[in-house]
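next comes the sequence, and after it the predicted model I'd like to discuss.
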Amino acid sequence: MEAFFTALPSPLVLAAVFAIITVAAVVQAGLGMGFGIMAAPLLALVAPQFVPVPCIWMGFFTASWTALAERQGIVWPEVGLGSLGRVPGVMAGVGLLAVLADTVSFSLVFGLMVGAGVLISLFGRPLPFTRPNMMAMAALSGTMGTITSVGAPPMALVYQGRAARAARPTLAGFFSIGCIMSLAGLYLAGFGTMQDLVLAFLMLPPLLFGLWIAARTQARFDTRFRPFLLTISGAAAVLLIVRGLM
């Protein structure tokens with residue numbers, strides 16, 4: 001029991017985590033996206049014990065919140081197809097984590113995955129909404145999401161041309177199920193512990209606080225804020241890659 005509590009983060013680290021999660025939640029509410037791609041790389045830099053499992057728990061919470069609120073707009077056949085495609089991605093993500101020898105190599109792979117997400121968000125071209133494209137992007141999303149909790153960029157490529165009233169709740173439903181799949185794979189492979197669940201609960205208060213701030217201030221960010229968000233994420237990814245190479 002003593003070893004468990006000594007492994008918990010220091011008050012300074014907790015303060016940094018609180019700030020990151022709060023701001024990420026405000027961004028999520030203001031843009032309708034961005035929680036994972038902002039929070040995950042910053043957490044990996046200052047508090048790596050919060051990734052990937054605790055951050056995936058937060059992804060499940062935020063996605064489920066949206067899916068429940070907008071459940072009437074979910075296109076369930078698309079959720080089912082995407083979830084099927086995510087299976088090999090989750091397996092690939094867990095397999096890749098299994099061969100990473102230490103935290104340094106994990107930092108490198110984590111940074112590369114987040115960097116790929118940023119590049120996809122900046123330069124990725126919309127893909128036709130077809131079954132093969134959906135399956136392929138869901139698999140890529142599963143790999144990236146299992147390792148980093150950032151799995152949205154690949155799915156955005158096939159949903160860019162879809163109406164927001166259907167795309168948003170459907171993607172929320174997909175990520176709700178997808179996060180559970182990733183968590184199941186990580187826990188079955190021994191990468192998830194009870195402490196990860198405790199750390200996830202520690203992230204809930206700042207998440208709710210950020211959503212409360214966004215609701216009180218009616219925070220809304222237009223698309224001009226998106227490059228700023230991606231710049232922060234990209235810079236954090238570069239720092240993680242540098243850390244992994246040193």
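Yep, it's here. Residues are numbered from 1 along each chain as shown.

which stretches of this structure form helices?
2-6, 11-31, 35-46, 53-69, 76-99, 103-123, 131-148, 152-159, 164-188, 194-217, 226-245 (DSSP state H).

just name the most buried of these.
Most buried of those by mean neighbour count (mean count of other C-beta atoms under 10 Å) is helix 35-46; its value is a mean of 26. Every C-beta, even on glycine, is put in place using the N, C-alpha and C of the backbone.

quick one: contacts of that one?
For helix 35-46, the external contacting residues (C-beta atoms under 8 Å, 6 or more residues apart in numbering) are 13, 16-17, 20-21, 23-25, 27-28, 50-52, 55, 58-59, 62, 107, 110-111, 114, 117-118, 121, 148-153, 229-230, 232-233, 236-237, 239-240, 243.

now it against helix 103-123, angle please.
With axes from the mean of the first three to the mean of the last three C-alpha atoms, to 10 degrees as the basis, helix 35-46 and helix 103-123 are set at 150 degrees to each other.

how big is the angle separating helix 35-46 from helix 194-217?
Using the same axes, to 10 degrees: helix 35-46 against helix 194-217 is 130 degrees.

now helix 35-46, how far from the centre of its chain.
9 Å (C-alpha atoms, centre = their mean, to the nearest Å).

the inter-axis angle of that helix versus helix 152-159?
Computed by the same axes, to 10 degrees, the angle separating helix 35-46 from helix 152-159 equals 160 degrees.

okay, the angle between helix 35-46 and helix 131-148?
Using the same axes, to 10 degrees: helix 35-46 against helix 131-148 is 30 degrees.

CA atoms of helix 35-46 as PDB?
Output of helix 35-46 as PDB, limited to C-alpha atoms (Å, rounded to 0.1, in the frame of the first residue of the first chain):
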ATOM      1  CA  PHE A  35      -8.900  17.300 -26.100                       C
ATOM      2  CA  GLY A  36      -6.700  14.300 -26.900                       C
ATOM      3  CA  ILE A  37      -4.300  15.900 -29.300                       C
ATOM      4  CA  MET A  38      -3.600  18.800 -26.900                       C
ATOM      5  CA  ALA A  39      -3.600  16.900 -23.600                       C
ATOM      6  CA  ALA A  40      -1.800  13.700 -24.500                       C
ATOM      7  CA  PRO A  41       1.600  15.100 -25.700                       C
ATOM      8  CA  LEU A  42       1.700  17.600 -22.900                       C
ATOM      9  CA  LEU A  43       1.000  15.000 -20.300                       C
ATOM     10  CA  ALA A  44       3.600  12.700 -21.900                       C
ATOM     11  CA  LEU A  45       6.100  15.500 -21.300                       C
ATOM     12  CA  VAL A  46       5.400  16.500 -17.800                       C
END
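
angle of it against helix 226-245?
30 degrees.

helix 35-46 versus helix 11-31: what angle between them?
Interaxial angle, helix 35-46 versus helix 11-31 (the same axes, to 10 degrees): 160 degrees.

show me where pLDDT drops low in this protein?
Judged by pLDDT under 70, the chain has its weakly predicted residues at 1-7, 32, 101, 219-224.

measure the closest residue to residue 227 other than its chain neighbours to residue 232 for me?
For residue 227, ignoring the flanking residues on the chain, the nearest one in space by C-beta to C-beta, 6 or more residues apart in numbering is residue 122 at 7.8 Å. Counting by C-beta to C-beta, to the nearest Å, the gap from residue 122 to residue 232 is 13 Å.

ditto for residue 210
Distance, residue 210 to residue 232, by C-beta to C-beta: 16 Å.
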